[in-house]
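Q: Output the structure for:
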Amino acid sequence: MSDGASELLRRSWLRMWRGLGARGDGADAFDELCRRYGEAHRSYHTLQHLEECLACFDGVRELATNAAEVEAALWFHDAIHDPRRDDNEARSAGLARERLGDAGVRADRVSQVESLVMATAHAEPAEPAGTADRRLVVDIDLLILAAGSRRFAEYERQVRTEYRFVPDVVYRRKRRALLESVLARPRIYGTTRFRDALEQRARGNLLRARAALGALVLRPAGPADASLLRHWDRQAHVTAAKSDDDWQWETELAQSFEWRDQSIAELDGRPIGFVQVIDPAREESQYWGEVAGGLRAIDIWIGEADALGHGYGTTMMRVALARCFADPSVAAVLIDPLARNSRAHRFYERCGFRLVGPRRFGDDDCLVFRLDRDDWFGEERGEEDFAT
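A: The predicted structure follows:
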């Protein structure tokens, strides 16, 4: 067995292995699972999660009807984890069948472990009619939902990191839907012990997490927003990010053009930023010069300083891009941050834009970035549904 494994892991493994009547000490299988839980792409489904599950089981072992099978299911339940796939539990159950079968564990016991691993897919709410062991494995896997505030916040960050390939606007929508589906269950935990001790705390954590994923929408900007936008124009982070041009908001917002869309980003009803989308070929000042049709250009910024660093800018951009490319005639989107604004350059590259090159607009030295339609939809096709 690996020298780096904790005493908890070693003790649990040998107890489970012997309890199942498996041959030898299973050192090779132990090392394989430790390697799997340590894979670089994992952030939440790691040895930390496994150890938390096993430590919890130590305290409630008497609730198990078949303790060795329950412990084996905990060991194997996240053995295979690819956040881009939806068959991880089935593949993990298959790995358990192979490793335990090779070690001479009786077929009926192997089958029970497979069934318990599959229960951690959480396809159904906690069900009193299920077996006691099934309810126990599921409750232990969901223990994290009732963690203390610091650990729960860490868990939320870890899940987001595992799904970092999912655009923020998609992640927030699906994550919020997942949390709401759990909250809608009559009970989160299936065993009386867990429900009495943890249900209320888990629901509180989920409610706060859902609130943190508050719905962000773009609503039309109008004359009533002029004072808000002038206030944002005076904020240090805004002046550092865009040119010193006076947008003359009172005049701008009173006008309506077919080639322009101006929006205020609101997070649960609170204004936090601004987005403008124009057709550069039709824009009256010809700011972009002579350009081909089928393009859009975006101006975007966060106005409220306390809204920085939370991913809202990414969400705003994704919503704006989705609107642009919903028009089948739009081939690409352009953006022109100041050349000195390196932070914005990195942001646009994370959103999928590619650098075209430097360009001077009036008195401003800028860099032009472009996102083509094929790149946008290629990224969209790469997204997978996910659950945690």
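
Q: confidence score at residue 177?
A: For residue 177, the pLDDT comes out at 87.

Q: Closest to the mean position in the chain, which residue would that be?
A: In the chain, the residue lying closest to the centroid (CA atoms, centre = their mean) is residue 160, at 3.5 Å.

Q: Please compute how far the helix or strand containing that one lies from its chain's middle.
A: Using DSSP states H and E, residue 160 sits in helix 149-162. Mean-position distance between helix 149-162 and its chain equals 10 Å (CA atoms, centre = their mean, to the nearest Å).

Q: what about that helix, average pLDDT?
A: Per-residue scores along helix 149-162 average to 95.

Q: count of residues packed around residue 158?
A: Residue 158 has 18 neighbours, counted by other CB atoms under 10 Å. Using the backbone N, CA and C atoms, a C-beta is placed for each residue, glycine as well.

Q: in the stretch 151-300 of the chain, which spans are helices?
A: 168-183, 192-212, 226-233, 236-239, 249-252 (DSSP state H, counting those that start in this stretch).

Q: hang on, the residue nearest to the centre of the chain packs against residue 174?
A: No - using CB atoms under 8 Å, residue 160 makes no contact with residue 174, being 11.6 Å away.

Q: Next, the angle helix 168-183 makes with the helix or strand containing residue 345.
A: In this structure, residue 345 sits in helix 342-350 according to DSSP H and E. Relative orientation of helix 342-350 and helix 168-183, computed by axes from the mean of the first three to the mean of the last three CA atoms, to 10 degrees: 70 degrees.

Q: roughly how far apart are residue 104 and residue 22?
A: The spacing between residue 104 and residue 22, counted by CB to CB, to the nearest Å, is 6 Å.

Q: Which one's more surrounded, the two?
A: Remark: of residue 104 and residue 22, residue 22 carries more neighbours, 23 against 11, as counted by other CB under 10 Å.

Q: Which residues are in contact with the more buried one?
A: The contact partners of residue 22, taken as CB atoms under 8 Å, 6 or more residues apart in numbering, are 100, 103-105.

Q: run the last query once more with 10 Å
A: For residue 22, the contact set (CB atoms under 10 Å, 6 or more residues apart in numbering) comprises 16, 29, 68, 72, 99-106, 109-110.

Q: now do residue 300
A: Here residue 300 is in contact with 241-242, 263, 265, 273-277, 313, 316-317, 320, 335, 337, 344, 347-348, 351 (CB under 10 Å, 6+ apart).

Q: what do you get for residue 284?
A: Contacts of residue 284 by CB under 10 Å, 6+ apart are 257, 259-260, 278.

Q: Excluding sequence neighbours, find me the nearest residue to residue 283.
A: Distances taken as CB to CB, 6 or more residues apart in numbering place residue 259 nearest to residue 283, at 5.6 Å, with adjacent residues excluded.

Q: Over to residue 237?
A: residue 305 (5.8 Å).

Q: Next one: that neighbour, what pLDDT does it get?
A: 93.

Q: That one: neighbour count?
A: Counted with other CB under 10 Å, the neighbours of residue 305 add up to 13.

Q: by contact count, what packs against the helix or strand encompassing residue 333?
A: In this structure, residue 333 sits in strand 332-335 according to DSSP H and E. Taking 3 or more CB pairs under 10 Å, 6 or more residues apart in numbering; DSSP states H and E as contact, the helices and strands that strand 332-335 lies on are strand 295-302, helix 312-326, helix 342-350, strand 354-361, strand 364-372, helix 373-381.

Q: Tell me how far residue 67 lies from residue 302.
A: For residue 67, the distance to residue 302 - CB to CB - is 53 Å.

Q: Those two: which is more packed in?
A: Higher neighbour count among residue 67 and residue 302: residue 302, with 22 against 17, using other CB under 10 Å.

Q: export stretch 177-188 as PDB, just CAs?
A: Provided in PDB are the C-alpha atoms of stretch 177-188 (Å, rounded to 0.1, in the frame of the first residue of the first chain):
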ATOM      1  CA  ALA A 177     -31.700  24.300 -11.100                       C
ATOM      2  CA  LEU A 178     -29.800  21.400  -9.300                       C
ATOM      3  CA  LEU A 179     -30.000  23.100  -5.900                       C
ATOM      4  CA  GLU A 180     -33.600  23.900  -6.400                       C
ATOM      5  CA  SER A 181     -34.400  20.300  -7.300                       C
ATOM      6  CA  VAL A 182     -32.800  19.100  -4.000                       C
ATOM      7  CA  LEU A 183     -34.600  21.800  -2.000                       C
ATOM      8  CA  ALA A 184     -37.900  20.700  -3.600                       C
ATOM      9  CA  ARG A 185     -37.500  17.200  -2.200                       C
ATOM     10  CA  PRO A 186     -39.700  16.500   0.900                       C
ATOM     11  CA  ARG A 187     -36.500  15.300   2.600                       C
ATOM     12  CA  ILE A 188     -32.800  15.500   1.700                       C
END
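
Q: so residue 134 makes contact with residue 141?
A: No - Residue 134 lies out of contact with residue 141 (CB atoms under 10 Å); the separation is 11.0 Å.
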